[in-house]
Each structure stands twice: as structure tokens, then as C-alpha cells.
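requesting a structural model of the entry that follows:
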Amino acid sequence: MIAFNSAALPAALDARLTDEQRVALAEALREKRLAVLSAALSLTEAETLGLLAEAASLDVATNLEIDPTARGLLPARLAHEFQIIPIRFRTEAETVDAVAEAHAPLHLATAWLPDEVMTDWLRTFTTRPLVWHLAVPERVHQLIIENYGVGSGSLEDSDDSYVAPETQIQAEEVVDEDAAVVRFVSDVISQAIEDQATDIHFEPQEGQLRIRYRVDGLLVPVPVPENLLRFQDAIISRLKIMARLNISEKRLPQDGRINFRAGATDLDIRVSTIPTIYAESISLRLLNQKKEAYTMERLGMSAHEQAQITQILDYPHGIILVTGPTGSGKSTSLNAFLRKINSTDLRIITIEDPIEYEVPGVNQMQVRPEIGLTFADALRHVLRQDPDVIMVGEIRDKDTAEIAIRASLTGHLVFSTLHTNDAPGAITRLIDMGIEPFLVASAIELVIAQRLVRRLCPECSRPEPVNKIKLRENLAILGCTEEEAASIDTLKAPVGCDRCRNTGYRGRIGIFEIFRLNDEMHEPCSRAKARTLTECARKHGMRTLGQSGWGKVKAGHTTLDEVLRVITVAEK
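You can find the predicted model right below:
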């Protein structure tokens, strides 16, 4: 870490800090110092950035663009270490003549105030006059990643003329290739945490090793160093060693796990390898052991949806199922339900794989198939523990389904998940497993299908004219009438800014399809026809995923394109 120079903070701001706040600021990474200072001053980051720039007599740069002519002046390790990036910034007084380019000012955006150490290092690589600008740390960091790659400093050759300040005492030592790979893998995982990715995929291709993150449900290519292919085998071996897998076995798929710590974040990483024609492809599922729990409101449920669910949560017995594809937030919803009913009067036991959230006061069990502790086996033993509420992470087979239904019929409230496209599909899925239809109809109280759609960035989204053609083409899916469609002229649309990394979206919000069984549903359930069951459910007031999504669009939380992207397949 770079030593913090307290003199770099203007005296007017420094005087407003306590000694503890100064220490916290000194220990923070450069890209985190603005957030630390904002918290200390009880201001927003935008307000703090403006105050800091004014006190230091610097400009705040917005809508940053890399200066391609100056990109090669800075080594990747220097850009990463100091969080600086050369930007395109011209005024009318400055020349753009190619001959004078070598003497033109070099405009640099930085996440924190520059100091003498930074200036001295830059003088090693360029004689151009330096002009500093402050900018949003997230955007500076994003541009560094896009132009210099994730962890690119880790894999630079040992003869690079730049050595990070904290390693200067080791400048005479030769950089070990294995150590470089170790740092690179750690950098890739740390960056994924920073980007709030849920998965990392290492995919060997012809002539390259492709790395992609899944962020907000979409796969995003990760910029990587040009010499990455040279380290491909070492990177794959490193990941397998971290997951305690057999590095000599390259013909069969393997599964493992990694316990990874980045700052204050503890991750339980699930690792899966499969052999491909070029090399082993490795996928990492990132599970934050300490991530913040969600309430039903924060999940995106409307007041009406919350009321429907809360009513069933008060039942003494029955099954509540949450359905959807992998990564749709099913476990998060179940956790919110458990927290809603959690009290000293109830004995709650969960059976999970993995345990994603820790719930105070709840007895949580991790399944271990490798030693014979499956969902079905664990559920049998849990029933002897006098539980009031049982949560089963997933119903994967007939045995688990039968025991769960038996538990609900003998006075237990059971929560679980299934992989189906819509809520009524959960009924046909259980019957396909071999469960008697009359048992399904008697035990199931509520089925919730859900999806996650990207949330519009509140900083930059703005109203734009509605695409009337697209809206009319999808009236049936959205549950929208012709009259309503004709009355809507504008809807919020993504724009892109430094805060949302120019995507127009920040975070995700849920859309829900809530299917409550009643006596009139028993006959359709017995016929086990998905279409018949869906039609019957709609007649009895079930709001579809499309209708829920359309409500979020009208409220300005997301866009029509985003809802259609997520739910069109399910509706078909």
C-alpha cells in the first residue's frame, strides 16, 4: 500500500477530521479514500469530490475518455498502483499538432489527490507538463481495467522499469513467475468482488484464455494482459491448487471450493472444472459469507405482493416454493421470508447447499453429499428435531419431495426451491417427479416464480419517448391494454454515467409471479397440464412475471427491453 501523505489533504478539510478518521483515511486504498472521507464528513461522494477539488484547486473531470496517444506512456503497474489514467482533455488554447504532441500537457485523472511520489514516478516516463484532474474513483478504476487489464501489473515482465513503491526494498530480486500467477489470480477474484460479480469463468479458446464475469446477470468480458496465454496452464493449476483438486487429472470434471478473503469480505467460492478441446474450463461461483440480508421490500416486492406472502407465512403448515433459474435470487427470497417470521417462539431449521446467509437464532445445516448427507437424508433427521419451520435449499429428487410434503402434512411449514420457468410449472414438475397429484394440491400453499432485472441508474436515467411498436407487439406478455399503451408517451431509459460505468444500470430488482392454490385448483392439478393450470391461475388473479415487470417499468425502476430480455422465454 502507498504511504498516505497527510499533507496531500488540504488543511481546511484536514481540520474537520478526528484523529481516528485521519488514521482510517491513511490506511485506505487510494480508490477508497473518497468514500472514507465522505463518511467522515457526512456528505455524498459527489459533494465530497467537489469540495476536495475546490480545496486543492483542481478540476473535476467527467465523461472520461482515455487518451490513446498517452496510454503507452504509463506502465500498467503504475496506473494500477496510483489509480491514475491519461485522459483526452483539450482546450482551445492547446495544440493538437502531432509535432508538438511530445510537449503538450499530459492530462491525468486520479481517484485521489496527487502527491510528490506520484509526480516523481511519472517524471521517469515522460517530460510532458502534468495537469491533474480529480474524477469518480469507480470510473477511473474502470478505465484502468479496460485499457491495462485486470491484474496486468502482476504478469508484467520482471525487467519492467517500474517497481511498486511497497516492493522497492525488493527491487534487486527477480520476480518469480509462480508468484506473479498467484497475484494475478488474486487480482482477478478481487476485481470480481469489486464489480459485484456472481461468477468468474476461465475459458481456454484457440490462441487465448478468455476470462468473463457475470455481473447483474450478464456476462462481461474481462480485459486481460496480452501475454496471458503464456501463463494459461499455470493459472489453471493455481486455481485447482486453491480448490484442493487433483492438478494431474485433466480428463474428468472436478468440483471443489476455495475460502478467499479480500479486505473485510469473506468468500466461499465453489469451483467447477470441465475438460474442453483446448484445456480445462473453470467456473467460480462467488458466495459472500457476510453479505447483507434483504427484506421483502428491498427485493422489489410491491405492498400487494408482500401482503399475499405475509398471509401465508403465518400458516402453521404447508409448503412455500420459490422457483426460477440459477442466479434468480431464490435463496435470497427464502432468507427474507425466514427473517420475517423468525422469533423466539419458533424452532427453525434449514438444510442448505451452500449456506449463503447466516440468520441469527436459526439452526442452519450444510449438506455434504460426499459423506452421504444429502437433502433427503438431512430432512429425515431434521424431522426428529421438533422443528416448527423447515427450509430445504432445493428439491432435487423424489425422495426429498416426498419427505417435504409429508412434513408439511404433519404440521410443519416448509420452504424450498425448484427450477421451473413459471409458478404453475412447479406443480407439474413435482408430479413429473412421481408425487401423487392429490398430495401436491394438498401440501402446496404458495408458489413464487421470480427473476432479477437490472435496475436503472438513479443518477443518469431520464425519460425518453416510448417505442410504441415494441410495446404493442408485447401487450399480451406485459398484461397491458391498448388504451394504457396509447396513454403512455415516455418511460425512463438508460443513459450511462461515471457512477454506473456507462451501462445505465446499477444493481438489480426482482419481478415476481405469485401463485396461490385454492380448492378450485385441485382439479387442474390432477390433470397436470401446465397450460391449463396457468390459465386457471390467471383467472383467479395471478399476476404474471410480465405484469410484474411492466409495473416496475412504469415505476421507473427498469426498462421495457430489460423486462422482455428476462421473461420472454418464460412466457413462451
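
measure Thr490 to Asp386 for me?
Distance, Thr490 to Asp386, by CB to CB, to the nearest Å: 57 Å. Using the backbone N, CA and C atoms, a C-beta is placed for each residue, glycine as well.

please read the previous query as pertaining to Ile567.
Ile567 sits 41 Å away from Asp386, going by CB to CB.

quick one: which of those two has more around it?
Ile567 (27 against 9; other CB atoms under 10 Å).

quick one, what contacts the more buried one?
Contacts for Ile567 were tallied using CB atoms under 8 Å, 6 or more residues apart in numbering; they are 451, 477, 511, 545-546, 549.

could you export the helix or strand containing it as CSV, CA atoms only?
Per DSSP states H and E, Ile567 falls inside helix 560-571. Provided in CSV are the C-alpha atoms of helix 560-571 (Å, rounded to 0.1, in the frame of the first residue of the first chain):
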residue,chain,number,x,y,z
LEU,A,560,-39.1,-2.5,-21.2
ASP,A,561,-36.1,-4.0,-23.1
GLU,A,562,-34.7,-5.4,-19.8
VAL,A,563,-38.0,-7.0,-18.8
LEU,A,564,-38.5,-8.6,-22.2
ARG,A,565,-35.0,-9.9,-22.2
VAL,A,566,-35.5,-11.7,-18.9
ILE,A,567,-39.1,-13.0,-19.2
THR,A,568,-39.8,-13.6,-22.9
VAL,A,569,-38.6,-17.2,-22.8
ALA,A,570,-40.5,-17.9,-19.6
GLU,A,571,-43.7,-16.5,-21.0
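
in this structure Thr428 contacts Thr534, no?
No: the criterion here is CB atoms under 8 Å, and Thr428 misses it with Thr534 at 9.8 Å.

Val215: how many residues sit nearby?
With other CB under 10 Å as criterion, Val215 counts 19.

circling back: tell me the one of the contacts of Ile567 nearest Gln83?
Distance to Gln83, by CB to CB, is smallest for Arg451 among these, at 36.0 Å.

assumed the closest one was part of a strand.
Yes: membership of Arg451 in a strand is supported by DSSP: H, G, I helix; E, B strand; the rest coil.

change the start of the numbering to 501 and stick with it
Renumbered: residue one is now 501, and that last one reads Arg951.

now the strands: where do they sit in the stretch 901-1050 of the chain?
Assigned by DSSP state E, counting those that start in this stretch, the strands in the stretch 901-1050 of the chain fall at 913-918, 944-956, 962-965, 990-993, 1005-1016.

name the helices or strands packed onto the longest one?
By that I understand strand 944-956. Judged by 3 or more CB pairs under 8 Å, 6 or more residues apart in numbering; DSSP states H and E, the packing partners of strand 944-956 are helix 803-813, strand 818-823, helix 830-841, helix 925-932, strand 1005-1016, helix 1045-1054, helix 1060-1071.

can I get that strand as PDB, trimmed to CA atoms?
Below are the C-alpha coordinates for strand 944-956, written out as PDB (Å, rounded to 0.1, in the frame of the first residue of the first chain):
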ATOM      1  CA  ILE A 944     -48.600 -26.600  -1.600                       C
ATOM      2  CA  GLU A 945     -49.900 -23.300  -0.300                       C
ATOM      3  CA  LEU A 946     -47.900 -20.800  -2.400                       C
ATOM      4  CA  VAL A 947     -45.500 -20.800  -5.300                       C
ATOM      5  CA  ILE A 948     -43.500 -17.700  -6.200                       C
ATOM      6  CA  ALA A 949     -41.600 -17.500  -9.600                       C
ATOM      7  CA  GLN A 950     -39.100 -14.800  -9.800                       C
ATOM      8  CA  ARG A 951     -36.500 -13.100 -12.000                       C
ATOM      9  CA  LEU A 952     -33.900 -10.400 -11.500                       C
ATOM     10  CA  VAL A 953     -33.800  -7.400 -13.900                       C
ATOM     11  CA  ARG A 954     -31.200  -4.700 -14.000                       C
ATOM     12  CA  ARG A 955     -32.200  -1.500 -12.100                       C
ATOM     13  CA  LEU A 956     -31.900   1.800 -13.800                       C
END
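
in its sheet, what does it sit against?
Neighbouring strands of strand 944-956 in its sheet, by DSSP bridges, are strand 818-823 (parallel), strand 1005-1016 (antiparallel).

pull out the buried residues from that strand.
Neighbour counts using 16 or more other CB atoms under 10 Å place 944-956 of strand 944-956 among the buried residues.

for those, which one is nearest Phe938?
Phe938 lies nearest to Ile944 out of these, by CB to CB, at 11.4 Å.

so what's the closest one up against?
Here Ile944 is in contact with 818-819, 821, 926-927, 930, 1017 (criterion: CB under 8 Å, 6+ apart).

least confident of those residues?
Lowest pLDDT of those: Leu1017, 83.

all helices of the stretch 601-750 of the chain, in order?
616-625, 637-648, 677-694, 732-742 (DSSP state H, counting those that start in this stretch).

output the contacting helices and strands for the second one.
Right, helix 637-648. Contact analysis of helix 637-648 by 3+ CB pairs under 8 Å, 6+ apart lists helix 576-582, strand 584-586, strand 606-610 as its packing neighbours.

now it: average pLDDT?
86.

of all the residues in it, which ones are buried?
Those would be 637-645, 647-648, for helix 637-648 by 16+ other CB under 10 Å.

nearest to Asn746 among those residues?
Among these, and counting by CB to CB, the member closest to Asn746 is Ile645, at 32.8 Å.

pretty sure that closest one contacts Ala692?
No: Ile645 is beyond contact range of Ala692, at 11.2 Å (criterion: CB under 8 Å).

which residues of this protein score low on pLDDT?
501-508, 590-603, 651-677, 789-792, 1019-1030, 1069-1072 (pLDDT under 70).

quick revisit: need the buried residues of helix 637-648 in TSV with distance to Ala807, can you?
Shown next, in TSV, are the buried residues of helix 637-648 (distance: CB to CB, whole Å):
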residue	distance to Ala807
Pro637	41
Glu638	38
Arg639	41
Val640	45
His641	42
Gln642	41
Leu643	46
Ile644	47
Ile645	44
Asn647	50
Tyr648	51
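
ok, so of these, who is nearest Gly1056?
Glu638 (22.7 Å).

how far away is Asn759 from Arg770?
11 Å.

now Leu606: closest residue in space, sequence neighbours ignored.
Spatial nearest neighbour of Leu606, excluding adjacent residues (CB to CB, 6 or more residues apart in numbering): Arg628 at 4.2 Å.

repeat that for Asn563.
Asp998 (7.3 Å).

tell me how many other residues crowd the closest residue in space to Val940 that isn't next to it in sequence.
Among residues not flanking Val940 along the chain, Leu930 sits closest, at 5.0 Å (CB to CB, 6+ apart). Neighbours of Leu930 under the rule other CB under 10 Å: 29.

cool, Ala836 as well?
Count around Ala836 with other CB under 10 Å applied: 21.

ok, His1040 touching Leu1017?
No: using CB under 8 Å, His1040 is not in contact with Leu1017, being 9.4 Å away.

you'd agree Gln864 is in a strand?
Yes: counting by three-state DSSP, Gln864 is found in a strand.

that one bridge partners, please.
Thr850.

run a quick neighbour tally on the residue nearest to Lys840 when sequence neighbours are not counted.
Spatial nearest neighbour of Lys840, chain neighbours left out: Leu813 (6.0 Å); criterion: CB to CB, 6+ apart. Counted with other CB under 10 Å, residues neighbouring Leu813 total 18.
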